[in-house]
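> okay, structure incoming, though there's no sequence with it:
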Ligand SMILES: Nc1ncnc2c1ncn2[C@@H]1O[C@H](COP(=O)(O)OP(=O)(O)OP(=O)(O)O)[C@@H](O)[C@H]1O
């Protein structure tokens with residue numbers, strides 16, 4: 001089966017002139033239709049850069065990005081704009097308040113993508129907004145409100161519904177629940193599970209919190225310093241992590257910790273091992289140093 005998203009040997013460099021640095025060093029990643037893939041990595045590991053490359057917002061030095069078998073990584077100009085307008089890939093941000101226009105009602109927000117695409121009458125747009133609002137369990141009385149009048153969880157539902165309205169194939173969710181309280185997190189993650197079942201949408205779920213992927217992601221891709229160091233089913237990653245960095249992450253997951261307190265010796269040994277993998281400043285991150 002053709003992967004919905006197929007990223008192969010992707011190298012991306014950012015910055016200008018002498019400050020130009022390679023951020024992604026040959027990343028491979030796939031997402032199948034209806035699959036939820038968790039992309040985990042420390043801050044600065046290149047998760048957002050990877051998402052931006054998939055959206056065509058940054059150009060690759062080399063490697064390919066294909067959506068439904070069509071190479072999109074090299075699109076430029078009009079072809080790139082048409083790809084974006086088509087809406088096959090949609091991005092949901094961590095902080096919906098910053099990504100939603102405060103002046104726009106929920107109803108107008110939900111159909112932003114359809115308006116850009118053009119060709120829809122008023123009644124059609126209203127019906128489309130009502131349909132996606134229902135899909136994400138947003139009460140109809142919220143449709144005429146503005147983002148500032150909604151709770152954090154309601155705003156994230158609006159952001160997801162706006163993305164769904166253009167019927168995407170792939171949803172990239174960048175830390176979609178990290179700004180929410182525990183129970184709202186669960187309802188948003190359940191919503192993603194429902195959407196992949198009912199719409200066969202592929203989801204790339206970006207997070208630095210391995211614990212939030214349990215029960216949600218089918219597979220996990222571990223990004224470390226711009227490289228994929230491990231890929232496996234969520235069960236494999238949680239129960240039999242192979243790379244020392246993944247093992248360190250797993251010892252930090254609270255639910256696992258509760259059942260079996262982390263062995264300080266083990267964590268120390270893993271930290272030393274991870275530190276030995278890189279001599280860069282990355283090794284000074286608190287997760288690694290245990291500070
Ligand atoms: N426009 C840019 N120019 C130069 N370097 C950049 C640029 N944007 C990001 N970087 C660098 O690229 C690296 C990866 O950043 P990126 O935002 O992709 O990481 P991340 O894993 O998403 O981190 P976080 O979890 O904090 O969002 C970082 O070292 C960052 O400083």
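Received the coordinates, thanks. The structure displayed is predicted, hence computed values, not measured ones. Residues are numbered from 1 along each chain as shown.

> number of nearby residues for residue 103?
Counted by other CB atoms under 10 Å, the residues lying close to residue 103 total 10. To be clear about C-beta, it is placed using only N, CA and C from the backbone, and glycine gets the same treatment.

> how close does the closest residue to residue 145 other than its chain neighbours sit to the ligand?
With CB to CB, 6 or more residues apart in numbering as the criterion, residue 145 has its nearest non-adjacent residue at 5.7 Å, and that residue is residue 106. Per CB to the nearest ligand atom, to the nearest Å, residue 106 is found 27 Å from the ligand.

> is it true that residue 106 touches residue 157?
No: under the criterion of CB atoms under 8 Å, residue 106 makes no contact with residue 157, lying 9.5 Å away.

> so what sits against both of those two?
Counting by CB atoms under 8 Å, 6 or more residues apart in numbering, the shared contacts of residue 106 and residue 157 are residue 138.

> next one: phi and psi at the closest residue to the ligand within the stretch 151-291 of the chain?
Taking CB to the nearest ligand atom as the measure, the point where the stretch 151-291 of the chain comes nearest the ligand is residue 208, at 5.2 Å. Main-chain torsions, residue 208, degrees, to the nearest 10: phi -110, psi 10.

> count the neighbours of it for me.
By the criterion of other CB under 10 Å, residue 208 has 17 neighbours.

> now do the one 10 residues further on
By other CB under 10 Å, the residues close to residue 218 number 17.

> circling back: OK, contacts around the residue nearest to residue 145?
129, 133, 138, 142, 143, 144, 145, 146, 147, 150, 158.

> and if you look at residue 88?
67, 68, 168, 169, 170.

> quick one on the thing from earlier: shouldn't the residue of the stretch 151-291 of the chain closest to the ligand be in contact with residue 44?
No: applying CB under 8 Å, one finds residue 208 not in contact with residue 44, separated by 9.9 Å.

> element containing the nearest residue to residue 112 once chain neighbours are set aside?
Computed as CB to CB, 6+ apart, the closest residue to residue 112 that is not its neighbour in sequence is residue 162, at 6.1 Å. Using DSSP states H and E, residue 162 sits within helix 152-165.

> average pLDDT for that helix, rounded please.
In this model, helix 152-165 carries a mean pLDDT of 90.

> off-centre distance for that helix?
14 Å (CA atoms, centre = their mean, to the nearest Å).

> and if you look at stretch 97-114?
20 Å.

> what's in contact with stretch 184-202?
Contacts with stretch 184-202, where a contact means CB under 8 Å, 6+ apart, come from 4-5, 31-37, 135-137, 151-153, 156-157, 160, 164, 167-171, 173, 176-177, 180, 203, 205, 212, 215-216.

> and if you look at stretch 131-144?
Contacts for stretch 131-144 (CB under 8 Å, 6+ apart): 105-107, 110, 129-130, 150, 154, 157-158, 160-162, 164-165, 191, 195, 198.
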